[in-house]
Structures are given as C-alpha cells and as structure tokens.
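>>> from the sequence below, what's the structure:
(2 chains)
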Number of protein chains: 2
Amino acid sequence: MIKQKVYVLRLGHRVERDKRATMHIFLTARALSASGVIYSGQRDSDLEKRVQAVVDKWGGAFKVKYEKNWKRVIENWNKKGVTCHLTMYGINVDDCLDKISKNKEILVVVGSQKVPKDTFQLANFNIAIGNQPHSEIAALAIFLDRLFQGKELKREFKEAKIKVFPQEKGKKVDFQP
Amino acid sequence: MIKQKVYVLRLGHRVERDKRATMHIFLTARALSASGVIYSGQRDSDLEKRVQAVVDKWGGAFKVKYEKNWKRVIENWNKKGVTCHLTMYGINVDDCLDKISKNKEILVVVGSQKVPKDTFQLANFNIAIGNQPHSEIAALAIFLDRLFQGKELKREFKEAKIKVFPQEKGKKVDFQP
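Next comes the predicted model:
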C-alpha cells in the first residue's frame, strides 16, 4: 500500500520538441503510482488529451494540470510537503531517501533541457540518480521505484477497461469497453 | 562491484522520430553501467557521434554498435548468455529477477513503437516493469537498477575529463580537458 501523495512537476515543456519526452514522463509517473503531474512551459492540449485517453482506458485517478508559474507551484507545495528536484548535480539518492520518504506529500521536479537556477534553491532536496548525464525519465522511474520500494508495480488500477495478464510468451489482454 | 556484462538492444530505431528517445536509452544504459548498446532499424551516424562525445567527455568504455539483423544479434547472444525483453505483457520483474541475475551475460531488448512478434519467442524472458503502458526508458532504468542492486549509481568512470561533486544546492564540476 502506497502512503505518500506524489506529484511530478515537469518544467519548461516545449510542444514540438518535448512532446514525446513529456509523454514518457507523464506515463511513467502514472504507471509508477504518482497521483498526478503538473507542467509548465508551453501549454499543450493535445498532450493533455493523450494522457487523459490513457487514464480513461487503463484506469486510476491520475491528474494532469498546467501551471504557467512553476515557482508558485513549488512555493505552495512547500507549505505542506517537500520538493525534490532530480538533478545529476545533487546528493546521491541513497544518502537522502530516508529523510524524504517520511513525508506524506512529495513534489518531484524534473526539467527539460536547461533548468532555471532558482530550482536548486526552491527545492528542499536536490537529488542525483547518479552523477552522470542520462535521462529525466530514467531518473524519475528509479526515484519512484526506490521511494515506493517496488510496491507501485503491483498496484491495481480502478475502473480500468483494459487489463494485462502477465505471460511468459506473447500477450494476453482483457478489454471491456 | 558489477559482475554481469549487460548490453542493451534497441529495436527499430527511426532517425527522425526516435532521435531523442533512443539517445535517452543509450545514456541511461551507460549511466547505469551497461557495457554498451546495439541498435537496429535505421542507421544514425549523428546519434552514434553524440553518444561517443559523451563517452569521450564523461569516461568509461561504453560501446555503440549498429546491426541491421536484430534476430541474429539475439540468436548469437543466446549461445552464451540470456536475453530479456522488456514488455508490459511479460512476467513481473519481481518474479524472475533471481533467475536472470545469476547469468553473466545479459542482453536487454527494448522496442520502439511496435515490437515484432518474434521478439517474444526469441527472448528467454519477457519481463514487465509493471503491466501498465509507460516508457521503455523508464523500464530499462528500473531493470538495471534492480539487477545491479543500486551499485551502478556509485561507479567511477575511468578516464573522465569531467566529474561532478554532489552538492545540496547548485553545481560543482571539475573539468580537465
């Protein structure tokens, strides 16, 4: 059972350049049991629709919100919870996860290309999933998997129209439209 | 200390559509201590150069190879090691990781849009990082993190020109060109 409420904040979305990467982030957040995502940068109604279509089909109560003012999102969140910014320049996740996982409301911030400097100051924790360049999608996935201790992968999604039955070979799916 | 030799096979790369997603996969593979990647689909010399530039700067001995015939890659690999195909239709990673981690040479297969049916048959294991739709980048990240039990994040990369010193706030980097 997952106890924390986790939202992911995606900074600086660009409609054309980031449409696939941001979708990967949103689907990763949903599949790994975040409650929802907030994004800043350019508003992208097509992206919102595509995420909603996944939620309608695959279930759960995942939320997508756009907020132009990302600083205010963090400042408001910090009144009740903690903000964790994922960055290769931060402290290794092993060295701070214990402190973070005690909190009930966690905002995870992931950037796109270049993250504004203020992010490092506004976040309560700057966390590195390794200090090598890689992918914000990969970093988010490992962070959520560690935070939820693997429980997120076995969660049932309510009101799903489609369900996968794990197979050694091939695909088995139940679809009730 | 990481004992297994792991390669990642990326299927069906498309130069225009997948240039960012495949780069995320390659960088994730490298940062999380895979030995190298092989990709099929369209050859992409720009992508290869960009990965090599990261290796030259950040160190390590990561290899990138193109192979048109991806089936042969799997068939040859299976003579000495095991192949794990990451798919939302497979067996939960928790239920098969013990068997896999005993092997010394592991090929991890990740698709792009639609994976050829043969992949499910040729792979020794079809492994789900959850049975929800998300991201092959996220799936690869969690698989490697679980396989290497988190040790991959603390590895030192040899002959690096650049090194990050983890900080609570801000960035500290040593660059020796």
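
>>> in a strand, A:Ile2, correct?
No - under DSSP: H, G, I helix; E, B strand; the rest coil, A:Ile2 sits outside any strand and is assigned coil.

>>> how close does it get to chain B?
Distance from A:Ile2 to chain B, counting by Cβ to the nearest Cβ, to the nearest Å: 13 Å. (Each C-beta comes from the backbone N, C-alpha and C, glycine too.)

>>> my guess is that residue contacts A:Leu153. True?
No - using Cβ atoms under 8 Å, A:Ile2 is not in contact with A:Leu153, being 11.0 Å away.

>>> so what's A:Val110 up against?
A:Val110 is in contact with A:8-11, A:25, A:86, A:136, A:139-140, counting by Cβ atoms under 8 Å, 6 or more residues apart in numbering or on different chains.

>>> hmm, the longest helix along chain A in reach of chain B?
Longest helix in chain A, counting residues (DSSP state H): helix A:15-31. Yes - residues of helix A:15-31 are located near chain B by Cβ under 8 Å from any Cβ of the partner chain, namely A:20-21, A:24-25, A:27-28, A:30-31.

>>> assumed A:Ile91 was part of a strand.
Yes - assessed by three-state DSSP, A:Ile91 belongs to a strand.

>>> what does the model give the residue of chain A positioned farthest from its centre for pLDDT?
Most distant residue from the mean C-alpha position of chain A: A:Lys169, 29.8 Å away (Cα atoms, centre = their mean). pLDDT for A:Lys169: 96.

>>> list the residues that contact the nearest residue to it once chain neighbours are set aside.
Once flanking residues are discounted, A:Lys169 sits nearest to B:Phe120: 5.1 Å by Cβ to Cβ, 6 or more residues apart in numbering or on different chains. Listed by Cβ under 8 Å, 6+ apart, the contact set of B:Phe120 reads A:169-171, B:85, B:87, B:89, B:126.

>>> in three-state terms, label B:Phe120 for me.
Under three-state DSSP, B:Phe120 falls in the helix class.

>>> ok, A:Leu140 next?
helix.

>>> now it: how far from chain B?
7 Å.

>>> since that was my last question, I'll sign off now.
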